[in-house]
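# quick one, what's the 3D model for this:
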Amino acid sequence: MRGEYDAHLQWPFKLKVTFSLIDQSTTNDKRYHIDQFCWPDSTDICFQRPTTDMNTAYGISRFCLLDLFRQKRNCFVQNDTMFIKVEVDLLSERSSLPLRVGAGQLPSDDEHVDTKDDDLLRIICRDDA
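Numbers count the residues shown, from 1 in each chain. Next comes the predicted model:
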């Protein structure tokens, strides 16, 4: 999205971004947020300086499994409110590993996304017992 500070920002956008679905449950001492981070592909048009009101959309298509969200809905949604935290890491540097060119979804996010826990569903289900 184009904004008044675009001239002061560095383009293309290439900072690490972490998205967190916040567990709002108050019954457990342990909360399990769902976290994923991505590194933008600086060659992709959606991360270039906007020339129109909106750039091409970008999203993380596999942020949270729908079954997991349904199972834990009461943890993530309270009083019709869900919190998603977005953090932009201004200090980290991307690895020099080459990116694969993807096809499909809102630009293919598979090569840009890492999950914090490889088997999050197993961890959450185990700790409910």
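
# tell me how far the closest residue to I22 other than its chain neighbours lies from S42.
Once flanking residues are discounted, I22 sits nearest to F83: 4.0 Å by C-beta to C-beta, 6 or more residues apart in numbering. All C-beta atoms are positioned from the backbone trio N, CA, C, and that covers glycine. F83 sits 29 Å away from S42, going by C-beta to C-beta, to the nearest Å.

# re earlier: next, the residue nearest to I22: phi, psi?
According to degrees, to the nearest 10, the main-chain angles of F83 amount to phi -110, psi 130.

# residue contacts, it?
Contact partners of F83, counting by C-beta atoms under 8 Å, 6 or more residues apart in numbering, are 21-22, 24.

# out of those residues, who has the most neighbours?
L21 (22 neighbours; other C-beta atoms under 10 Å).

# ok, now which ones touch it?
33-35, 63-64, 76, 82-84.

# if we go to 6 Å?
34, 64, 76, 84 (C-beta atoms under 6 Å, 6 or more residues apart in numbering).

# so what's the backbone phi/psi at it?
phi -90, psi 120.

# now it: closest residue in space, sequence neighbours ignored.
Using C-beta to C-beta, 6+ apart and skipping the chain neighbours, the partner closest in space to L21 is I34 (4.2 Å).

# go on, K14?
S42 (4.3 Å).

# count of neighbours near the nearest residue to S25 once chain neighbours are set aside?
Closest residue in space to S25, ignoring its immediate chain neighbours: C75 at 4.3 Å, by C-beta to C-beta, 6+ apart. By other C-beta under 10 Å, 22 other residues sit near C75.

# helices of this structure, start to end?
Remark: helices assigned in the chain by DSSP state H are 66-71, 73-76, 120-128.

# so what touches the second one?
Helix 73-76 has contacts (C-beta under 6 Å, 6+ apart) with 21, 23, 25, 82.
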